[in-house]
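Enquirer: Task: produce atomic coordinates for the following.
(2 chains)
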2 protein chains.
Amino acid sequence: MKRSDFGRRSSYFLAAVALVAAASWLSAQQTPRIRGFSVASSAAETVRERELKAMPTAKAAEADFDVMTAEPHHTGSPYEIKLADYVADQFKQMGIASTKYEYSVLLPWPKERRIEIVAPDQMKLQVEEEKIRGDQWADKPGILPAYNAYSPSGDVTAEIVYVNFGVPADYETLDKLGISVKGKIVLVRYGGSWRGIKPKVAAEHGAIACLIYSDPHEDGYFQGDVYPDGPFRGAGMIQRGSVMDMPRYPGDPSTPGRPSKPGVERLPMDKIETFSPIPVQPMSYRDGVELLKRLKGPTAPESWRGSLPITYRIGPGPAKVHVNLQMDYGQRRLINVVGKITGAVAPDEWVIVGSHRDAWTFGASDSVSGHVSMMAVARAMSAMMKKGWQPRRSVLFISWDGEEQGLLGSTEFVEDLTAELKAKVAVYVNRDAGAGGLNFSSSAVHSLTPFVHELAQSIQPESGGKTLYDGWLERSREQAPAATTPPVGALGSGSDYTAFLDHVGIPSMDMGLNGRGGDGSYHSTYDNPTWFKKYIDPQFTFSVLASQTTGVALLRLADAEVLPFDYESYGRQILEYIAEIEQQATKASADGAKRVNFAGLRAAAEAFTKAGADVRARGESLLGGAGSNPADPFAEINHRLMMAERDLIEPAGLPDRPWYRHVVYAPGLYTGYGVKTIPGVREAVDSGNYTRAAEQATVVIRALQRATKTLWP
Amino acid sequence: MKRSDFGRRSSYFLAAVALVAAASWLSAQQTPRIRGFSVASSAAETVRERELKAMPTAKAAEADFDVMTAEPHHTGSPYEIKLADYVADQFKQMGIASTKYEYSVLLPWPKERRIEIVAPDQMKLQVEEEKIRGDQWADKPGILPAYNAYSPSGDVTAEIVYVNFGVPADYETLDKLGISVKGKIVLVRYGGSWRGIKPKVAAEHGAIACLIYSDPHEDGYFQGDVYPDGPFRGAGMIQRGSVMDMPRYPGDPSTPGRPSKPGVERLPMDKIETFSPIPVQPMSYRDGVELLKRLKGPTAPESWRGSLPITYRIGPGPAKVHVNLQMDYGQRRLINVVGKITGAVAPDEWVIVGSHRDAWTFGASDSVSGHVSMMAVARAMSAMMKKGWQPRRSVLFISWDGEEQGLLGSTEFVEDLTAELKAKVAVYVNRDAGAGGLNFSSSAVHSLTPFVHELAQSIQPESGGKTLYDGWLERSREQAPAATTPPVGALGSGSDYTAFLDHVGIPSMDMGLNGRGGDGSYHSTYDNPTWFKKYIDPQFTFSVLASQTTGVALLRLADAEVLPFDYESYGRQILEYIAEIEQQATKASADGAKRVNFAGLRAAAEAFTKAGADVRARGESLLGGAGSNPADPFAEINHRLMMAERDLIEPAGLPDRPWYRHVVYAPGLYTGYGVKTIPGVREAVDSGNYTRAAEQATVVIRALQRATKTLWP
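Expert: Residues are numbered from 1 along each chain as shown, chains lettered A, B, ... in the order given. Below is the predicted model:
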C-alpha cells in the first residue's frame, strides 16, 4: 500500500486495512470500541459505517417512495401484488437473491356500511372519508373504504352510550353512575388503547355494536392545524384499522399456529376466536359530533371530554342509531418478499430486517417511509458488496404484506418457517412507519438496551449538532426529570416483530424516527404523497436519516464478532418487573401474594443476571484474544446468546392463549399494543387469580433456569 | 311548670328551661356538648338551634330575592341606593336597630369601549354581552356594560400574543420559546389566577393592553350545557370584574388606610398605586375565538389549550388589534347598612355577619343568594327575641356595598371604625355568593377549624340523610383519599372579611353552599332571576339550608359562654406552614435558609400552641364550674381569646404593602384571591430575598410571642 493512497479511500477495502493498521498503532483507550467488536474490527466497522451512511440519497428515496405510493395497495389489491414484483425486481437489480412467500389469507372487505340516526331525529351519517379539495389522491380508484377489519356483519338498531376510550376503567365509571351498555350501541373515541380492545370490552358488557370516532383532541385541531392547512386529522378524515383480537393470536384467524398455505387445516368461520364479537365501524368527528350532541344523561367526567365544541354527555340516548354493516369475507393473496445476503463467516446466523409493504390506502408514512429506508440499506449493502465487503452473518430483508389487518404476513411466515427461524435467527429488526422527524424511539428485548443506546449515540443528524441520543434523553427528561438514560420500551404488539419474539423467542427490536403531525393522517386516505411531502419529509432528509440509522444497526448486528446482547441488563429489568408485580400483589392481597413464589422468581432472575454478566465477560475476553483460534472462534458463544432467548419460550404458551409463548413479553389482553411483562404472572395477579399466578411463577422460574444454563452452562 | 306543659313547647323559654332541667338529670356523657357551651347551656342551645332552623321559609327567601334582583344594582346605581333603604326598612320591621354608613368612593364606569381587528383583516368585535332570546332581563335599562373596573383609559394598537392564564409561569414558558410581549397586546383566558394579576404581570413584561376572554373550558360548554339550555356560560356571555391591585390594598384607591368620608385626604389620580397599569377589557369567547384563530406562531403547549374548536397558537400576530377604552372615573355613593341586636351579657363583644348587596348586574347568585340567607337569620333571631331570647353577645348584620369593585364598602367601614372594631369584634362571619347546592365549604382562621367542622356536622339537609360534613368529607377524599377531616381553607382575599382579618386582626370565617353550574353566569347579565330559578335554586331549598347553616353558626358564636376558638389547632397549622417554608427555602438555597431563624419561629409557634391548649383547658374548667361567679365569669377569658388574634397584627405591615398587617394571612402578590400564609417570610423566600426573610421571621416571632402572652399570661 502506497502512502499516497492512504488519504484517498480509493476502495473500501484498502481504507479499512489502513485504518485497522492505524488502530493497532493507537492505544485501545483512544479507539472507540463498538459493542461486540474487538479493537481492531471496531476501527474497520467505523469506516464501514461512515461509508454506509454516505450512501442513501434523498433522490433515490423519493423515487422508491413515488413508486410505492402511486396507487392504493392494501393486501390483496392489484397494486400490492404488483409491488411485490417491484420489490423483487429491486433486489435483483441490487444483486441480492430474493424469494416470494405467498399465502392465502382470510380477509374481509366491506360491502355495505350504513349508519343512520333514527331518533330523536333522522339523519344519515357519512361513512366515507371526505374528499378534500386540492388533494387529487382521494379520487383514485381502488381505495379501500373506511372500515374496521374483522368486524362481523350485522344489522342492529339501538340507543347510543358514550364510553370514552372504552377501556375497562371506563366501564367501572359507568357502573358507578348506574349506566349499562347492555343492548346498546357504544360510541367510543380512538385512543387510550388499541382499537381492538374497544369492541371486545364493549361486548363483554353487553353492547351490540361499537362506533369509533376520531376526537380532535387526540389527532385533530387540538394538536395542530388540520389537513390541508397542516398535518393533523380534519373533520372528515377517518382512521381505518383492524379489530382482530390480536392479543389472543395474530395472523390469519382461520389458521392459528399454522401457515395459510394450500392444504392447511382451516377453522370454520364459527370456530374463529379472533373476530370482533360485535359489529364495529370507524367514523370521522364530523359524524361523531352528530351522535354526541344528541346524547343526554350525565355530563361525562372531565377526563372523558374531548375537544369538540359541545358538552360531552354519556346517554343512553336519546340518540338512537341503525347500523348495518355487511362484510365480504374472502381468501386474498398475500405476498412477502425476502431478499438475502449470505454471511461470509456465519451464514446460518441470520440478521433479519422487515418492514410492511401493504397499506390501508397509500401508506406514505405507514409504512412506505419505513420500507423505503429498509430498501435503501439493502441498496447500500449491495454497493458495499460490490466493493468487496461481505457481512459476517447473513442479512435478510423482508417486505411484509398483510400487516395492517393483523400482522398476517409476518405471522404466516414465522408459522411456516418456525424450525429454521428458531435455529438460525440471531435478531429481528423491525421498521414500521417512522421516517418523519428527529425523534428517535425504540422498543426492544432488554438484552439490546445498551446496543440501542449506543446506536442512537452514533447517529448525528446535523453537522456538529446533537446525536439522536441527546435529543431522545432530553425528551425523556421532560417526562422524568431524573432520567439518566432514555427508556428503551418493552415490546408489546402492533407490528411485525410479534411472531418472531412472542411465538419463537427471537431477540427483536423496533425503532422509529418521528416528528410532529406524523400520525395526523394515520390509516386515512390522506396518508398520501401530497400530505407526506408537504408536512412530513419534504426533502426526504428524515428518510435518509432513517436509512442511516437502520443501516448502522444492521451493520453492527451483522458484523459484530460477538452478538451485542447484554443479558445482565435483561436480568436487571426482569428483577424490576418481579418487584412491581410482587408489590401489586401484596397490595391487592397479602395472603394471595404469599402463595406466589416471588423469592424463587427473584433467585432465578438473579442467577440469570449473573450468567449474563459472566457470558459478557467471556465475550470480552474472546474479543481481546482473537486471532489464534479456529475459523469462527465466536460460534459457540453466539449460539448461546441466540438460544438463551428461545429458552424464555414456554411450549405450552400463556394461559388461554397458547400462541403467545414468551414468559417475559406479551401484548396485554386488555391493552392490545401495550405490553404486559411477565404476562402469565402479572395478568393472573391483575385478575386476583393467585392459584394461576403461583403456577405461572413456576413456569417463569423454569424458563429463567433454562436460559441461565444456556448462557453459562 | 305543669307536667302537661312539658311536651307542648308552648313557648321557647319554658321548653328551654325544661330541657335544661332534663339535661341536668342526664349524665354529661349522654348530652351532646357544643363547643364553648357548658353541659346545661348546650341543651338549651340545642333547642334554640332547632327552633331557629325551623324558621326560614322558601317563600320568604324568594320574596326577599325578588326585590333584591328586580333591577341592576351596581354600586352607585339608583336601585342599589334604593335597596339600602329596603334593607334598613326590613331591619325596622324586624325591630332591629339599623344605621347607614355612607362613603363617597372613586369608581370608574365605562364610557367608550371599542375593539377592532385591524390585521390580517378587519373586523369590529362585540364588546357587549349577547342578548339571549327568551331572557327578558338583558333588556332592562341600567345594566353596567361589560368592563374591568380600575382599568385606565387608553387607545393602543398592536399585535396579539396569547399568554394562557397570564400568570408568572406562563411568561417563563414564553421566555423559553423566545416570545416577548413587549409592545404587544396580550390575550389571556379567565381562570388560573385572580383576574387583577393578569394585566399586572402582563405590564411587568412590557405589554401595553390586556384582553381577557372566557374560554368554554373553564365555565362554558366543556363544563355543561350553556344558558339558556343549562347554567353554564354561552358564547356571548362576558365576565365583568375588578382589576384593582387588591393584594396591595383594597377599598377606595384614593384613600388607602382612611375612610372615604367628606374631608378625608385623597390621593391624586397619578399617585394611586392600585389601578391596573394597562388598559384591560373582558370579552366573550365569541370574540376571543376571532382573535385566537388569527394567531400564527408556535402551537400553544397542551396545558394552554382550551376547548374552542381551533388550534391554539401563541402569535405574536398576525392578528393586530386596535383597543380604545375610555373610562369615566367619578365619585359614587356607597352605602353600607348595619343592623344590630344588642347582647344581654356581653354587649361589647360583637359577632358580625356581612354579605354584599351590590352586584355587577342583577346578582342573583353573587351575592343576593348570600344576602337573603343573612337577612333570613336576622328575621329568625328577631322572632326568637319576641319570644324572650336575647343573645349573650351583640350580633351585627351588615349589608355591604361596593364589594365587586374591590371590597370598597367593608374596607372603608373598617378603616372608619378601626378603634371600635378592634376593641369589640369577637368574630366576623362572611356570606358571599353561595346558596346554590349541598356542597359546603369554608375558609377561616385556623382557631375556628374545629368550630367549622362541628357546624357542618350539625346540619342535615335531608331527613335521615348525610350531614353537610359527610358530603364535604366525601368530596375531600376524591382529591385526597387519605383525608381524615375535610379542609378548612386559609383566608386569602376576594371578599369582605379582608379588612377585618388582614388589617385589624379580627378572627374571621367565610362559608358557602355550592352546586354544579352556580358559577356559570358569574359576573354576567345572566346572573339573574330566570337563570337562578331555572338552574340553581328553583325551590329556594338551598337558600333555606344556607340560612340554617349561617343561623346556627351565629347562634353558637353569639351564645357560647366561652368563644369556641381553638388556638392549639391554629398553632399546629402555623407549625406546618413554617415547615413548608423552611423546606422550600432549604431546597432553593441552603445558605439562604440558614440566615432565617426557623428554629426561633418553631419555638414561638410551639409556645403559642401550648398556650392555646392551656387556655382551652382553662375554658373547659370554667364551663364545668360555672354558677357561683360574678355576672360574666367568662369576660376575661373571652377577652384574651379575642385579643390574641389582634396580636398577630404587625403595625408596620408587610413589606411594600403596609395596609396588610397580619403576620399569618395575606392574599399573594401574584395569586390575588389565593392566600399566602406567613406572607412576610414566604414571599421573601419565593423571591430569594433572605435578608428580608430573616427580618420578617423576627416580626412573626414577636407577634407569636405577643399572642402567646395574651392567651396565657
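
Enquirer: use CA for all of it now, contacts and neighbours both
Expert: Fine.

Enquirer: For residue A:172, grab the count of nearby residues.
Expert: 12 (other CA atoms under 10 Å in any protein chain shown).

Enquirer: Same check on residue A:112?
Expert: With other CA under 10 Å as criterion, residue A:112 counts 12.

Enquirer: Are we agreed that it is in a strand?
Expert: Yes. Counting by DSSP: H, G, I helix; E, B strand; the rest coil, one finds residue A:112 located in a strand.

Enquirer: What sits closest to it if chain neighbours are left out?
Expert: Counting by CA to CA, 6 or more residues apart in numbering or on different chains, residue A:112 lies nearest to residue A:326, which is 4.8 Å off, once chain neighbours are set aside.

Enquirer: same deal with residue A:126?
Expert: Once flanking residues are discounted, residue A:126 sits nearest to residue A:287: 6.7 Å by CA to CA, 6+ apart.

Enquirer: Quick check: that neighbour vs chain B, distance?
Expert: 15 Å (CA to the nearest CA, to the nearest Å).

Enquirer: what does residue A:270 give?
Expert: Counting by CA to the nearest CA, the gap from residue A:270 to chain B is 44 Å.

Enquirer: Equivalent analysis for residue A:498, please.
Expert: Applying CA to the nearest CA to residue A:498 and chain B gives a distance of 33 Å.

Enquirer: How about the contacts made by the residue nearest to residue A:112?
Expert: Residue A:326 makes contact with A:110-113, A:152-154, according to CA atoms under 8 Å, 6 or more residues apart in numbering or on different chains.

Enquirer: give me phi/psi at it?
Expert: Backbone torsions for residue A:326, taken as degrees, to the nearest 10, come to phi -120, psi 120.

Enquirer: now residue A:439
Expert: Dihedral angles (degrees, to the nearest 10) for residue A:439: phi -90, psi 100.

Enquirer: same thing with residue A:154?
Expert: Per-residue torsions, residue A:154: phi -180, psi 160 (degrees, to the nearest 10).

Enquirer: that older thread, let me see the confidence value for the residue nearest to residue A:112.
Expert: What the model reports for residue A:326 is a pLDDT of 97.

Enquirer: repeat for residue A:597
Expert: Confidence at residue A:597, expressed as pLDDT, is 96.

Enquirer: Contacts only, for it.
Expert: Counting by CA under 8 Å, 6+ apart, residue A:597 touches A:694, A:697-698.

Enquirer: Could you do residue A:218 as well?
Expert: The neighbourhood of residue A:218, defined by CA under 8 Å, 6+ apart, consists of A:190-191, A:306.

Enquirer: So which of those residues is the closest to chain B?
Expert: The closest of the contacts of residue A:218 to chain B turns out to be residue A:306 (CA to the nearest CA; 8.3 Å).

Enquirer: Please report the distance of that closest one from residue B:191.
Expert: Computed as CA to CA, to the nearest Å, the residue A:306 to residue B:191 distance reads 20 Å.

Enquirer: Okay, and residue A:337 sits in which element?
Expert: Secondary structure assignment for residue A:337, by DSSP states H and E: strand A:320-341.

Enquirer: Name every strand pairing with that strand and say which way it goes.
Expert: Neighbouring strands of strand A:320-341 in its sheet, by DSSP bridges, are strand A:97-119 (antiparallel), strand A:154-162 (antiparallel), strand A:393-400 (antiparallel).

Enquirer: C-terminal to the shortest one, what's the next element?
Expert: So the one you mean is strand A:393-400. Going down the chain from strand A:393-400, the next helix or strand is helix A:408-416, by DSSP H and E.

Enquirer: Can I get the strands paired with strand A:320-341 in TSV including mean pLDDT?
Expert: Shown next, in TSV, are those (pLDDT from 0 to 100):
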stretch	mean pLDDT
strand A:97-119	97
strand A:154-162	98
strand A:393-400	98
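
Enquirer: among the ones you listed, which is nearest residue B:201?
Expert: Nearest to residue B:201, of all these, is strand A:154-162, at 41.6 Å by CA to CA.

Enquirer: Give me the contact list for the closest one.
Expert: Against strand A:154-162 from outside (CA under 8 Å, 6+ apart): A:181, A:183-188, A:208-209, A:278-279, A:291-292, A:295, A:313-326.

Enquirer: now the helix or strand containing the residue nearest to residue A:126, how far from the centre of its chain.
Expert: Per DSSP H and E, residue A:287 falls inside helix A:285-292. In terms of CA atoms, centre = their mean, to the nearest Å, the centre of helix A:285-292 is found 31 Å from the chain centre.

Enquirer: thinking again about what came up before, looking at the contacts of residue A:218, which has the most residues close by?
Expert: Highest neighbour count within the contacts of residue A:218, by other CA under 10 Å: residue A:190, with 24 neighbours.

Enquirer: and it, how far is that from residue A:283?
Expert: Distance of residue A:190 to residue A:283, computed by CA to CA: 10 Å.

Enquirer: any common contacting residues for the two?
Expert: Counting by CA under 8 Å, 6+ apart, the contacts common to residue A:190 and residue A:283 are A:212-214.

Enquirer: Whichever residue of the stretch 351-500 of chain A sits closest to chain B: neighbour count?
Expert: Residue nearest to chain B within the stretch 351-500 of chain A: residue A:478 (12.8 Å; CA to the nearest CA). Neighbours of residue A:478 under the rule other CA under 10 Å: 10.
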